[in-house]
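Enquirer: Provide a 3D model corresponding to the input given below.
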Amino acid sequence: MTLVVRPATEADLAAVVASEIDNLGADAWPPALVAPGVRGEVPHAHYLVAELAGAVVGHAVVSVVVDVAEARAEVHTLPLRRAQVA
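Expert: Numbering: from 1, shown residues only. A predicted model of the protein is given here:
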C-alpha cells in the first residue's frame, strides 16, 4: 500500500476532526477552529491529509507566513492513526 498525502477538502472535515481527537485528546483543536482551515478560509494555514488504501489515516497543518524580513513555515500538527499505519 502507498501512503498518499494531498490537500484536505471539505469532504475530509470529519476525518480531520476525528484525527485531532484520536491523536491529541484534550489538546485537539475544536471543530469550529478546524473547519475554516480545511475550507481554505485561513490564508496562512494549509491542511493536508494522509490516505492509505483510500482511508484518511492522518493529517498535517502547515502554516506559511511571509513578511518583508523573513519567510517561514511551521508544521503545527502531524497526527497519524497508529492502528491504521502500523
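Enquirer: partners of the helix or strand hosting Glu51, with directions?
Expert: Assignment of secondary structure by DSSP states H and E places Glu51 within strand 45-52. Strands adjacent to strand 45-52 in the sheet, as given by DSSP bridges, are strand 3-7 (antiparallel), strand 55-66 (antiparallel).
Enquirer: Tell me which of those is the most buried.
Expert: Here the criterion is mean neighbour count by mean count of other C-beta atoms under 10 Å, and of the strands paired with strand 45-52 the winner is strand 55-66, at a mean of 17. All C-beta atoms are positioned from the backbone trio N, CA, C, and that covers glycine.
Enquirer: any weak-confidence spans in the chain?
Expert: Flagging of the chain using pLDDT under 70 yields the residue ranges 66-86.
Enquirer: hey, C-alpha coordinates of whichever helix in the chain runs longest in PDB?
Expert: Identified as the longest helix of the chain according to DSSP state H is helix 13-24. Taking Å, rounded to 0.1, in the frame of the first residue of the first chain, the C-alpha atoms of helix 13-24 are listed here in PDB:
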ATOM      1  CA  LEU A  13     -13.500  17.600   7.600                       C
ATOM      2  CA  ALA A  14     -15.000  14.800   9.800                       C
ATOM      3  CA  ALA A  15     -11.800  12.700   9.300                       C
ATOM      4  CA  VAL A  16      -9.500  15.600  10.200                       C
ATOM      5  CA  VAL A  17     -11.600  16.300  13.400                       C
ATOM      6  CA  ALA A  18     -11.500  12.600  14.300                       C
ATOM      7  CA  SER A  19      -7.800  12.500  13.800                       C
ATOM      8  CA  GLU A  20      -7.300  15.600  16.000                       C
ATOM      9  CA  ILE A  21      -9.400  14.000  18.800                       C
ATOM     10  CA  ASP A  22      -7.900  10.500  18.400                       C
ATOM     11  CA  ASN A  23      -4.400  11.700  18.500                       C
ATOM     12  CA  LEU A  24      -4.300  14.900  20.500                       C
END
